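[1] okay, structure incoming, though there's no sequence with it:
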Ligand code: FBP
């Protein structure tokens, strides 16, 4: 399999294959909100036009270029193909061009740690999962000293372009760096690539972040296997938490692929203001109904990001973030969790203080941690265990009152996250990532900066895909992070009016009681294109099928 995937030739959109590519400029862009604040922060890169890469007499430079690439944030399948696409496109335009890989994420850019990416190195990683070719990291290029260090390093390297492969935060940082470099008169252009298995970096221009397809399909395979086991053993309830820091796209996609008995969608819970107690009651109701029908087993999917969407816990996290925004170092230096607990509890509102005390100590501790982007590391919160405990308590209570007699609740908890982040990219991600890298090279060759590369029409066959660039400032809005108002790319949460959620909502009642499980099996690489190259159900429902030359 390793050998076979190594020689797989990723498919490129027809428009990029010929090499004769020209840039078509659209109208000046503007963000949907906060225009004045964003214009003030990005005077050199605000308002740039959207661009399309179309076939035609090329206006792109063929001079040899020196370009760097950095992988930022969590791993996502296909990262190596972004680099391979970038490399191949640069070399095709001029074999004297050089590609450098900055090591261990943005810290490698700040500290000037990099290596030249040779053809032999690239070949060893084509179509593989992981980010291990140059590794990744969660550092952030944001402080003035980071920006000036980057400028110094780029001048020393005589760098023409930097390609930042990352999610919403990293693409935001790419825009900050692009703005700074432009203001300094630097020749180094900065182009972002939309990456994250969470699937939440998408909008009108960016149809999907790469890695979502493979990760969700990998988890769906495992969930399907567990569905079959649950139906065979007929004695376990499986509570499965799925990665996805904020949005529930991964959980929703897995639900569409496997049709479990329950799937919680954080965005709906937030919209309805559902409390933790009401969530538990809803789960218990399904467990009792299934038990009454002789089924003391089932499958529940819970998105990793759930805690931040439950009204009482969300308010608590926001208050904790404000406290940490002021006193993070002080809180960190306190000797024990008990001291930290006492310090922050005394500064919370009475309601949040009550909620905080009611949580298990390990969850209290995680809620006091923040990554460099100010996010709670939710992958460390065992929400499935919390739900299992609360559901068990509730069932015990009901049974003590002579109710829920048919229920025999044997729960098992699972967390699927790291199992999928470095999986072999599906054909979709292999092709998509290679195309993103290829198109990123074109944007650098066009001399553009402050753009995120896009590839659109993803439900069509790859021939019909269309590539271009979206000005990052167009995707920004102002949000409060660590108590400060900052520009960030707006995260795409699950749209409750969108087709994927509507489809799920229309079917979930039936899935709760009947065993309508689907068993997607492993990702396929050989066979009919309808199987091997299929996009996610989310994309198919969002964009509609039958839009392609091949009828797909
Ligand atoms: P990115 O948004 O950086 O791609 O990372 C996404 C993710 O996989 C989340 O789903 C998860 O919460 C997080 O990374 C975990 O990362 P870490 O292991 O660094 O805490």
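    Alright, I've got the coordinates. This is a predicted model, so every value here is computed, not measured.
[2] and residue 77, how far from the ligand?
    Distance of residue 77 to the ligand, given as CB to the nearest ligand atom, to the nearest Å: 11 Å. Where you see a C-beta, it was placed from the backbone N, CA and C, and this is true even at glycine.
[3] now do that residue: how many residues are near it, please.
    The criterion is other CB atoms under 10 Å. On that basis, residue 77 has 33 neighbouring residues.
[4] and if you look at residue 497?
    Tallying neighbours of residue 497 according to other CB under 10 Å, which is how burial is gauged here, yields 6.
[5] kindly report the same for residue 532.
    Residue 532 sits with 14 neighbouring residues when counted by other CB under 10 Å.
[6] now residue 469: closest residue in space that isn't a chain neighbour?
    In space, not counting the residues next to it along the chain, residue 469 is nearest to residue 451; the distance is 3.7 Å by CB to CB, 6 or more residues apart in numbering.
[7] what's the pLDDT at that neighbour?
    Per-residue pLDDT puts residue 451 at 98.
[8] got phi/psi on the nearest residue to residue 13 once chain neighbours are set aside?
    Nearest residue to residue 13 in three dimensions, chain neighbours excluded: residue 465, at 3.8 Å (CB to CB, 6+ apart). Main-chain torsions, residue 465, degrees, to the nearest 10: phi -60, psi 150.
[9] and the residue in the stretch 301-450 of the chain that the ligand sits nearest to, which of the three is it?
    Taking CB to the nearest ligand atom, the ligand has its nearest neighbour within the stretch 301-450 of the chain at residue 379, 4.1 Å off. Taken by DSSP: H, G, I helix; E, B strand; the rest coil, the conformation at residue 379 corresponds to helix.
[10] okay, it and residue 422: tell me how far apart.
    As judged by CB to CB, to the nearest Å, residue 379 and residue 422 stand 14 Å apart.
[11] okay, those two: which has more neighbours?
    Relative neighbour count places residue 422 above the other of residue 379 and residue 422, with 22 against 17, counting by other CB under 10 Å.
[12] what separation is there between the residue nearest to residue 13 and residue 207?
    Spatial separation of residue 465 from residue 207 under the definition CB to CB is 10 Å.
[13] shared neighbours of the two, which are they?
    Counting by CB atoms under 8 Å, 6 or more residues apart in numbering, the shared contacts of residue 465 and residue 207 are 455, 456, 457, 458.
[14] can I assume the third one is in contact with residue 467?
    No: counting by CB atoms under 8 Å, residue 457 stays clear of residue 467, with 9.7 Å between them.
[15] who has more neighbours, the two?
    Neighbours were tallied for residue 457 and for residue 467 using other CB under 10 Å; the higher tally belongs to residue 467 (25 against 17).
[16] identify the residues contacting the more buried one.
    By CB under 8 Å, 6+ apart, residue 467 lies in contact with 13, 15-16, 52-53, 435-436, 438-439, 442, 453-456.
[17] on that earlier part again, show the contacting residues for the residue of the stretch 301-450 of the chain closest to the ligand.
    Contacts here follow CB under 8 Å, 6+ apart; on that basis residue 379 touches 243, 245, 304, 415, 417.
[18] run the last query once more with 7 Å
    Applying CB atoms under 7 Å, 6 or more residues apart in numbering to residue 379 gives the contacts 243, 304, 417.
[19] where does the protein come near the ligand, residue by residue?
    Taking CB under 6 Å from any ligand atom as the criterion, the neighbours of the ligand within the chain are 73-74, 76, 138, 167, 195-198, 243-245, 304, 377-379, 421.
[20] of those residues, which belong to helices?
    Secondary structure defined by DSSP state H assigns residue 421 of these to helices.
[21] low pLDDT regions in the protein?
    Per-residue confidence for the chain (pLDDT under 70) gives these ranges: 545-552.
[22] where's residue 44 relative to residue 339, distance?
    Distance, residue 44 to residue 339, by CB to CB: 47 Å.
[23] same check, this time on residue 164
    Separation of residue 164 from residue 339 (CB to CB): 39 Å.
[24] looking at those two, which is more packed in?
    Counted by other CB under 10 Å, residue 164 and residue 339 do not tie: residue 164 has more neighbours, with 30 against 12.
[25] show me what contacts that one?
    By CB under 7 Å, 6+ apart, the contact list for residue 164 reads 70, 72, 170, 171, 174, 190, 192.
[26] highest neighbour count among the residues you listed?
    Of all the contacts of residue 164, the most densely surrounded is residue 192 (34 neighbours; neighbours counted as other CB under 10 Å).
[27] need the contact partners of the strand or helix carrying that one.
    Element membership of residue 192 [criterion: DSSP states H and E] is strand 189-194. Strand 189-194 is touched from outside by 82, 160-166, 171, 174, 177-178, 181, 201, 206, 209-210, 436, 440, 443-444, 447-453, 472, with contacts defined as CB under 7 Å, 6+ apart.
[28] give me that answer again for 8 Å
    For strand 189-194, with CB under 8 Å, 6+ apart as the criterion, the contacting residues are 82, 160-167, 170-171, 174-175, 177-178, 181, 201-202, 206, 208-210, 436-437, 440, 443-444, 447-454, 469, 472.
[29] before we move on, what about stretch 148-158?
    Counting by CB under 8 Å, 6+ apart, stretch 148-158 makes contact with 66, 68, 100, 109-112, 114, 141, 159, 162, 177, 180-181, 184, 186, 188, all of which sit outside it.
[30] same thing but at 10 Å, please
    By CB atoms under 10 Å, 6 or more residues apart in numbering, the surrounding residues in contact with stretch 148-158 are 66-68, 98, 100, 102, 106, 108-114, 141, 143, 159-162, 177, 180-181, 184-188, 190.
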